[in-house]
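Asker: I would like the atomic coordinates for the input below:
(one chain, ligands or ions: 1)
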Amino acid sequence: MEVYAGLAGIPVVKSAISYIDGQKGVLEYRGIPIEELVENSNFLEVSYLLVFGKLPTAGEYQQFVSDVKKHTYLDDFIIKFLKDIPDSTHPMKVLQSVVPVLSSFDPVKDVLDKKHHYNALVRMLGQIPVAIATWKRISRKEEIIPPDLTLSYGENFLYMLTGKKPSEKEGKIFDRCLILHAEHTMNASTFTAIVVVSTLADFYSAVSSAVGSLSGRLHGGANEKVFYMLSSIEDVKKIPKIIEEKLNKKERIMGFGHRVYKTYDPRAKILKSLLKELSAEKENKLYPIAAEFERVATEKLSPKKIYPNIDFYSGILYHMLGIPPQFYTSVFAMARVSGWIAHCKEYIKENKLFRPTQIYDGGHNIKYMPLEKRK
Ligand code: COA
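Answerer: You can find the predicted model right below:
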């Protein structure tokens, strides 16, 4: 028996939700290229596509959007729960703890009941952005902003978080970011979600656990780290030395490298062009720093097939949209909810409890040593 570290290259499911060609830099959701969806669709339509396997008809789309909107509020007890959390708590920790509480008024909690899948989806899509924005306001002693349901999904989130209505362009760009983050095959957090659901725990528990998994800096937590790294650079001329020093110290460059992509991450390519588009209208000191950092780091790392990933440019874009850095990974999470739920729904259909094995390499028949005799 052999151990496959990190399960690298080991399939754990058959899935029709998304597809990556890591050599060619291709990403498709339900067979549709990501570029096509970013250009023509919107986040809620993409969520429907991911979860239900097809683009909605006009009627299905209207119903879905209206069901999500119905849940775009927080019950008073959740606001009270958030107010009791110390202000310094990281938004990802807050999100991980608030998600299971969102299930309180969901009437169907049986994971084998299809009604649970739909209820949990529209409730979490509706309430998670409100919870993130409300936490931002509470933790900074700002007034809580109620949702404006005349705005689009992404616009409303930005409004509740920042207190300012985004321009049409900002809203569109943010919606595209959400599409890019919505799904990405069998990554660590998605695997976490299906492991949890395989025990027949409900979708809220699966999403809460996936949020914890996403928070690590080798996964979604990288976007926040990239922002700190780039914003600490004052002079572009110092970039080659900074990168050299990091690599000499065997430090990982955040926002670079991927287990599957051995070429430029197609999502990073799109984010870079969105950033360029927004930087043409709004001053952004970080864009030239990021572009030069990318150029030098790619020169050094591309011989090892290490290129920028989705987390390299997302933070700077979010910064331009007025989102504070501690909230970048929770924005990733709020978009990934649809991917996580799509996988949970797909997995539970032919559920098999995850219970891998191990190769034991400890001792046997060891005598118990009383406490007073231990050194
Ligand atoms: N910076 C510098 N070197 C890197 C690197 C990075 N970002 N990513 C991988 N490497 C190097 C490793 O040091 C290792 O080198 P070695 O063979 O000389 O020891 C080699 O590439 C393979 O690394 P490994 O960790 O086995 O690859 P992986 O497939 O498990 O790595 C990540 C995938 C994402 C964990 C890794 O690229 C990384 O840590 N990236 C930074 C964090 C990040 O941006 N995460 C978001 C991913 S979307």
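Asker: contacts, neighbours, all on C-alpha from now
Answerer: Noted.
Asker: CA atoms of the helix or strand hosting L37 as PDB?
Answerer: According to DSSP states H and E, L37 maps onto helix 34-40. Only the C-alpha atoms of helix 34-40 are listed here, as PDB (Å, rounded to 0.1, in the frame of the first residue of the first chain):
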ATOM      1  CA  ILE A  34     -15.600  30.500 -18.200                       C
ATOM      2  CA  GLU A  35     -14.800  33.300 -20.600                       C
ATOM      3  CA  GLU A  36     -18.200  32.900 -22.200                       C
ATOM      4  CA  LEU A  37     -20.000  33.000 -18.800                       C
ATOM      5  CA  VAL A  38     -18.100  36.100 -17.600                       C
ATOM      6  CA  GLU A  39     -19.000  37.900 -20.800                       C
ATOM      7  CA  ASN A  40     -22.700  36.900 -21.000                       C
END
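Asker: any buried residues in that helix, and which?
Answerer: By 16 or more other Cα atoms under 10 Å, the buried positions in helix 34-40 come out as I34, E35, L37, V38.
Asker: who's in contact with Y19?
Answerer: V26, L27, E28, Y29, R30, G31, H184, T185 (Cα atoms under 8 Å, 6 or more residues apart in numbering).
Asker: if I look at the fourth one, how far off is A222?
Answerer: Y29 sits at a distance of 23 Å from A222 (criterion: Cα to Cα, to the nearest Å).
Asker: the second one now?
Answerer: Counting by Cα to Cα, the gap between L27 and A222 amounts to 20 Å.
Asker: got it, and the first one?
Answerer: Counting by Cα to Cα, the gap from V26 to A222 is 22 Å.
Asker: who has more neighbours out of those two?
Answerer: Counting neighbours by other Cα atoms under 10 Å for V26 and for A222 shows that A222 has the greater number, 25 against 18.
Asker: quick check: pLDDT value at that one.
Answerer: With respect to pLDDT, A222 scores 93.
Asker: wait, it touches D311, no?
Answerer: Yes: counting by Cα atoms under 8 Å, D311 is a contact partner of A222 at 6.0 Å.
Asker: now the longest helix seen in the chain: how far from the chain's centre is it?
Answerer: The residue-count maximum for a helix in the chain (DSSP state H) belongs to helix 114-139. Centre-to-centre, helix 114-139 and its host chain are 14 Å apart (Cα atoms, centre = their mean, to the nearest Å).
Asker: got the buried residues for that helix?
Answerer: In terms of neighbour count (16+ other Cα under 10 Å), helix 114-139 has its buried residues at 116-139.
Asker: hmm, A342 is touching Y48, no?
Answerer: No: assessed by Cα under 8 Å, A342 is found out of contact with Y48, at 9.0 Å.
Asker: which one of the two has more residues nearby?
Answerer: Set A342 next to Y48 and count neighbours by other Cα under 10 Å: A342 wins out with 26 against 21.
Asker: look up the closest residue to the more buried one, ignoring the ones flanking it.
Answerer: Ranked by Cα to Cα, 6 or more residues apart in numbering and with sequence neighbours excluded, the top spatial neighbour of A342 is V51, at 4.2 Å.
Asker: got the contact list for the one you found?
Answerer: Per Cα under 8 Å, 6+ apart, neighbours of V51: I17, S338, G339, I341, A342, H343, K345.
Asker: next, count neighbours for the first one.
Answerer: Counted by other Cα under 10 Å, the residues lying close to I17 total 22.
Asker: repeat for the one 4 residues further on
Answerer: When counting by other Cα under 10 Å, one arrives at 13 neighbours for D21.
Asker: tell me the bridge partners for it.
Answerer: Under DSSP bridges, the beta-bridge partners of D21 are V26.
Asker: is it true that V296 touches I242?
Answerer: No: contact criterion Cα under 8 Å: V296 and I242 do not qualify, at 10.1 Å.
Asker: can I get the CA coordinates of stretch 3-22 in CSV?
Answerer: C-alpha atoms of stretch 3-22 as CSV (Å, rounded to 0.1, in the frame of the first residue of the first chain):
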residue,chain,number,x,y,z
VAL,A,3,0.2,6.9,0.6
TYR,A,4,-0.8,9.5,-1.9
ALA,A,5,0.2,12.7,-0.2
GLY,A,6,-2.5,15.4,-0.4
LEU,A,7,-4.4,12.9,-2.7
ALA,A,8,-2.6,14.6,-5.6
GLY,A,9,-4.0,13.2,-8.8
ILE,A,10,-6.4,10.8,-7.1
PRO,A,11,-10.0,11.1,-8.3
VAL,A,12,-12.5,10.9,-5.4
VAL,A,13,-15.7,11.5,-7.4
LYS,A,14,-17.2,11.5,-10.9
SER,A,15,-18.5,15.0,-11.5
ALA,A,16,-20.2,16.9,-14.3
ILE,A,17,-20.0,20.3,-12.6
SER,A,18,-16.8,21.8,-13.8
TYR,A,19,-13.7,20.9,-15.9
ILE,A,20,-10.1,22.1,-15.8
ASP,A,21,-7.4,21.4,-18.4
GLY,A,22,-4.4,22.4,-16.3
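Asker: got the phi/psi numbers for the residue lying closest to E292 once chain neighbours are set aside?
Answerer: Nearest residue to E292, sequence neighbours excluded (Cα to Cα, 6+ apart): V236, at 6.9 Å. Main-chain torsions, V236, degrees, to the nearest 10: phi -60, psi -30.
Asker: touching, V236 and I289? I think so.
Answerer: Yes: counting by Cα under 8 Å, V236 does reach I289; the two are 5.7 Å apart.
Asker: those two: who's more crowded?
Answerer: With neighbours defined as other Cα under 10 Å, V236 and I289 compare such that I289 has more, 19 against 15.
Asker: the more buried one and the ligand: what is the separation?
Answerer: Distance, I289 to the ligand, using Cα to the nearest ligand atom, to the nearest Å: 17 Å.
Asker: what about the host helix or strand of that residue, average pLDDT?
Answerer: Element membership for I289 (DSSP H and E) is helix 286-301. For helix 286-301, the mean pLDDT works out to 95.
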